[in-house]
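Visitor: 3D, please:
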Amino acid sequence: MSIANYRNITSEIIGKLDRGKLLLYYHNQLIGLVELDHHSISLNERYKLNGTQIYIKNQGEVNNTVDNYANNCDLGWC
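Guide: Numbers count the residues shown, from 1 in each chain. Here you go, the predicted structure:
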């Protein structure tokens with residue numbers, strides 16, 4: 001599995017036991033679960049398991065530039 005566009009978040013994962021399942025949380029958001037009876041793990045779409053490590057897919061670059069300083073400006077200076 002290629003993890004080029006992913007970031008390792010393993011140390012930030014919190015697990016909580018609930019009726020035979022280990023619920024996995026990242027920043028208080030449920031991202032997956034481990035079924036202890038079936039020895040299986042399932043993660044939400046944005047997350048990947050590689051060996052014993054959990055990764056999150058990187059978001060695209062955020063563009064924080066300002067195109068103009070005034071909205072709906074037709075005066076040419078903004």
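Visitor: okay, CA-based contacts and neighbour counts for the rest of this
Guide: Will do.
Visitor: contacting residues around the residue nearest to residue 54 when sequence neighbours are not counted?
Guide: Spatial nearest neighbour of residue 54, chain neighbours left out: residue 10 (4.9 Å); criterion: C-alpha to C-alpha, 6 or more residues apart in numbering. Taking C-alpha atoms under 8 Å, 6 or more residues apart in numbering, we find residue 10 in contact with 53-55.
Visitor: Can you report phi and psi for residue 10?
Guide: phi -50, psi -50 (degrees, to the nearest 10).
Visitor: which residues touch the spatially most central residue of the chain?
Guide: Central residue of the chain (C-alpha atoms, centre = their mean): residue 56, 4.3 Å from the mean position. Residue 56 makes contact with 6-9, 46-48, according to C-alpha under 8 Å, 6+ apart.
Visitor: Out of the residues you listed, grab the one that's most surrounded.
Guide: residue 48 (20 neighbours; other C-alpha atoms under 10 Å).
Visitor: where along the chain do the strands fall?
Guide: 6-8, 13-18, 21-26, 29-35, 40-43, 47-50, 53-57 (DSSP state E).
Visitor: can you list those in TSV and add mean pLDDT?
Guide: Compiled in TSV, the strands of the chain are given as follows (pLDDT from 0 to 100):
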stretch	mean pLDDT
strand 6-8	95
strand 13-18	97
strand 21-26	97
strand 29-35	97
strand 40-43	95
strand 47-50	95
strand 53-57	96
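Visitor: if we can go back for a sec, now the contacts of residue 10 as JSON lines including distance to residue 24 and neighbour count?
Guide: Listed next are the contacts of residue 10 as JSON lines, based on distance: C-alpha to C-alpha, whole Å; neighbours: other C-alpha atoms under 10 Å:
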{"residue": "53", "distance to residue 24": "13", "neighbour count": "11"}
{"residue": "54", "distance to residue 24": "10", "neighbour count": "18"}
{"residue": "55", "distance to residue 24": "13", "neighbour count": "17"}
